[in-house]
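S.K.: Got a predicted structure plus its sequence, pasted below:
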Amino acid sequence: MYVSVEGLERIKNELEELRNVRRPEVAELIRRAREIGDITDDSGQYEAAKDAQMFLEGRIRQLEDSVRRAVIIEDQSNQADGRVRIGSTVVVIDSEGLEERWTIVGQAEADAAHGRISNESPVGGALVGKEVGDSVQIETPLGTQTFTVSVVD
């Protein structure tokens, strides 16, 4: 799983929050729900607390796995070959002459609304390995689009 140093730090912070704050909170909810009534009853509070615990533990396992599999994206500023890679910021021009600026990131950090696209997405995957002047055709929900790489940082 490709991730920036900052992205890995965010994952670790969320994991710490879930382990040290949310887990005890959910445990307390379960304890209080048990005190209120018989857990064999159709207790909405108890069931809701157990559901929250199940979701929380699943998220903790997911984050732990992400930390174990994390591969730090190297700073691209010293990469002189001009090829798009994970960590690159690339400016492309579409067939209508409109510019788009994207940073290629690992899936865990993808946020298209903020210009961060995954190397596993159709657009990100097609751009990886390209250089200035290269064009790519990509199948998108809007149909086939052509992008030409104009800048790679």
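M.R.: Sure, I can see it. Numbers count the residues shown, from 1 in each chain.

S.K.: show me the contacts for the residue positioned nearest the centre of the chain.
M.R.: For the chain, the residue nearest the mean C-alpha position is residue 108 (2.2 Å; Cα atoms, centre = their mean). Residues counted as contacts of residue 108 (Cβ atoms under 8 Å, 6 or more residues apart in numbering) are 1-3, 7, 11, 66. Every C-beta, even on glycine, is put in place using the N, C-alpha and C of the backbone.

S.K.: Mind checking which of those residues land in helices?
M.R.: 7, 11, 66 (DSSP state H).

S.K.: what's stretch 126-145 in contact with?
M.R.: For stretch 126-145, contacts defined as Cβ under 8 Å, 6+ apart pick out 81-86, 90, 92, 94-95, 102, 104, 119, 122-123, 146-152.

S.K.: could you flag which of those are buried?
M.R.: Buried by 16 or more other Cβ atoms under 10 Å: 83-86, 90, 92, 102, 104, 119, 123, 147-149, 152, out of the contacts of stretch 126-145.

S.K.: what's the most distant pair in these?
M.R.: Spatially, the most separated pair among the buried ones among the contacts of stretch 126-145 is 86 and 148, at 20.5 Å (Cβ to Cβ).

S.K.: what sits against residue 12?
M.R.: Here residue 12 is in contact with residue 67 (Cβ under 8 Å, 6+ apart).
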